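**Q** dropping the sequence and predicted coords here.
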Amino acid sequence: MMSVYLHELKQNGKLLTIWTAVVAGMNFIIMFIYPQMAGQTEEVMNIYANLGAFSDAFGINRLSLGSALGFYGVEGGAMISIGGGMLAGLLGSGILCKEEGKHTAEFLMTMPVRREKVALQKLAAVCTLVVLFNLVCGAAGVGAFAVIEETLDGELFLKYHIAQLVMQLEIGCICFGISAFLRKVSMGVGIGVALIFYFLQMFVNISEDMEWLKYITPYYYSDASYILAGYDMELGIMIWGVLLGIVATAVGTWWFGRKDLMG
């Protein structure tokens, strides 16, 4: 019964390993810059203060680069947000449609299990891979703080990484739903969905007139510039995002169980 799940874990293991090594590694290395920047905080903050809308878009106006956690949110946070969102999008967008694109549907149909269960096992594999990615990235962050001997606010750090995990799972579920309607694997779909959501969050940060976009982009409730600055987590928006992911999953699973995979 779990052969599909294990197969997907194995098949996507290389992608996960490379992607995680790059993102977690860069996140770890970039924190080594902080001790050198700590003595130039005032000059750096003055530079960012004059960037106007650019500073607002990335939330730099809310986070202080003078603290290690603020620096982590601006530099490492962007790496995890973009990298994690793209990974979740890639995994989700190709997990179902590859059965048609790679002409493996014939094998899938010989298995003594309903298509819906196959789809859910594939989704479970996507979620597992995303969780593993976040565990390694979180561990890399903790390790970086320990190496540079900076105090880590464990509560804010944990809140941020939980929000990141939920955000990436939402993107993965949305792309999973989209995958059911595709006939060929397209890397552009998963990457595109993640980047669109990311840029929508920039519009939310720049203009109050665009605040309604927070109900669309999962990057809103996982924004480092809010969470690591001590703002309350937007639990209502997060729950709404979880519901969107569940709906996308349900629609994708339903359609995958009824579409003509041989066509």
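**A** The structure has been received and is ready for your questions. Quantities reported herein were computed from a predicted structural model and do not represent experimental measurements.

**Q** okay, Glu8: pLDDT?
**A** At Glu8, the model reports a pLDDT of 91.

**Q** and if you look at the one 10 residues further on?
**A** At Ile18 the predicted local confidence, pLDDT, stands at 96.

**Q** how about the nearest residue to Phe176, chain neighbours excluded?
**A** Take Phe176 and drop its neighbours on the chain: the residue closest to it by Cβ to Cβ, 6 or more residues apart in numbering is Gly92, 4.1 Å away. No exception for glycine: its C-beta is placed from N, CA and C like everyone else's.

**Q** any idea of the mean pLDDT for the one helix or strand that neighbour maps to?
**A** Element membership for Gly92, per DSSP states H and E: helix 77-94. Here helix 77-94 scores 92 as its mean pLDDT.

**Q** same for it, what does it pack against?
**A** Judged by 3 or more Cβ pairs under 8 Å, 6 or more residues apart in numbering; DSSP states H and E, helix 77-94 is in contact with helix 13-30, helix 115-147, helix 154-179, helix 187-206, helix 224-227.

**Q** quick one: that helix to helix 154-179, angle?
**A** 30 degrees (axes from the mean of the first three to the mean of the last three Cα atoms, to 10 degrees).

**Q** report the contact partners of the residue nearest to Phe176.
**A** For Gly92, the contacting residues are 126, 171-176, 178-179, 190, by Cβ atoms under 8 Å, 6 or more residues apart in numbering.

**Q** now which of those would you call buried?
**A** Buried by 16 or more other Cβ atoms under 10 Å: 126, 171-176, 178-179, 190, out of the contacts of Gly92.

**Q** okay if I get those as a markdown table plus distance to Ser225?
**A** Listed next are these as a markdown table, based on distance: Cβ to Cβ, whole Å:
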| residue | distance to Ser225 |
| --- | --- |
| Val126 | 28 |
| Ile171 | 19 |
| Gly172 | 23 |
| Cys173 | 25 |
| Ile174 | 23 |
| Cys175 | 25 |
| Phe176 | 28 |
| Ile178 | 28 |
| Ser179 | 31 |
| Gly190 | 25 |
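
**Q** got those residues as CSV, with distance to Leu165 and pLDDT columns?
**A** Output for the buried ones among the contacts of Gly92, formatted as CSV (distance: Cβ to Cβ, whole Å; pLDDT from 0 to 100):
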residue, distance to Leu165, pLDDT
Val126, 13, 96
Ile171, 11, 97
Gly172, 10, 96
Cys173, 12, 97
Ile174, 15, 97
Cys175, 16, 95
Phe176, 16, 95
Ile178, 21, 94
Ser179, 21, 91
Gly190, 17, 92
